[in-house]
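> would you be able to build a 3D model of this:
(one chain, ligands or ions: 1)
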Amino acid sequence: MIKREIKSIIVDYNSPAELNDELQNLIQKAKSAAKKAYAPYSEFRVGAAVLLENNEIIEGNNQENAAYPSGLCAERVAIFYANSKYPNIEIKAIAITAITKDGFIKEPIPPCGSCLQVMLESEQRANKPIQVLLFGTNKITVAENIQQFLPIYFNKDMLK
Ligand code: THU
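Here you go, the predicted model:
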């Protein structure tokens, strides 16, 4: 038997002020995207903002539907839009936050497994790490790439 230990590096910041202007602005964009979410069923409004290598920011938010599984998470709305608009421009970072009935979440939420899988493929397609910033009012959690959240993952090489 071989036991494997897998480590991830995640950094928490107390406030956006500890981050550079570009990342503070990205968090602001994720916050404003969350306000525009369509989430009448869960009442959990998620916002994502994707920073591209050309410095454009693409926003996305969760889009729900009366046929529940037809909806889509904020992260995938933003990533798919970024990759469809600019298939050859790399993604530098993504900021994510959410609003509940009590306002912005206190503790950051990680992306769901399906979103991580999509974000990971984007990262691998461009061969460039995507920095992840998860905003909550109590702290901001930062990882330098998607693999920190999904260290063992299904990928295209396994289809061969
Ligand atoms: N949701 C996201 O948009 N991103 C996530 O990472 C987790 C969940 C959405 C899906 C659904 O509209 C609502 O939040 C509740 O699950």
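
> in this structure, which spans are helices?
21-35, 74-85, 113-126 (DSSP state H).

> which of these sits most buried?
For the helices of the chain, the largest average neighbour count (mean count of other C-beta atoms under 10 Å) is found in helix 74-85, namely a mean of 20. Glycine gets a C-beta too; all of them are placed from N, C-alpha and C.

> go through the helices of the chain and name the closest to the ligand.
helix 74-85 (3.9 Å; C-beta to the nearest ligand atom).

> now the angle between helix 113-126 and that closest one, please.
Orientation note: helix 74-85 sits at an angle of 30 degrees relative to helix 113-126 (axes from the mean of the first three to the mean of the last three C-alpha atoms, to 10 degrees).

> helix 74-85 to helix 21-35, inter-axis angle?
Using the same axes, to 10 degrees: helix 74-85 against helix 21-35 is 110 degrees.

> what's the local residue count around Thr141?
For Thr141, the tally of surrounding residues (other C-beta atoms under 10 Å) stands at 18.

> my guess is it contacts Val11. True?
Yes: using C-beta atoms under 8 Å, Thr141 makes contact with Val11 at a distance of 7.3 Å.

> for the nearest residue to Lys139 once chain neighbours are set aside, what are its contacts?
Spatial nearest neighbour of Lys139, chain neighbours left out: Asp12 (4.8 Å); criterion: C-beta to C-beta, 6 or more residues apart in numbering. By C-beta atoms under 8 Å, 6 or more residues apart in numbering, the contact list for Asp12 reads Lys139, Ile140, Thr141, Val142.

> for Gly103, find the nearest of the helices of the chain.
Among those, the nearest to Gly103 by C-beta to C-beta is helix 21-35 (10.5 Å).

> now tabulate the helices of the chain in CSV and tack on distance to the ligand.
Output for these, formatted as CSV (distance: least, C-beta to the nearest ligand atom, whole Å):
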stretch, distance to the ligand
helix 21-35, 9
helix 74-85, 4
helix 113-126, 5
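
> make CSV from those helices and add mean pLDDT to it.
Shown next, in CSV, are the helices of the chain (pLDDT from 0 to 100):
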stretch, mean pLDDT
helix 21-35, 98
helix 74-85, 98
helix 113-126, 96
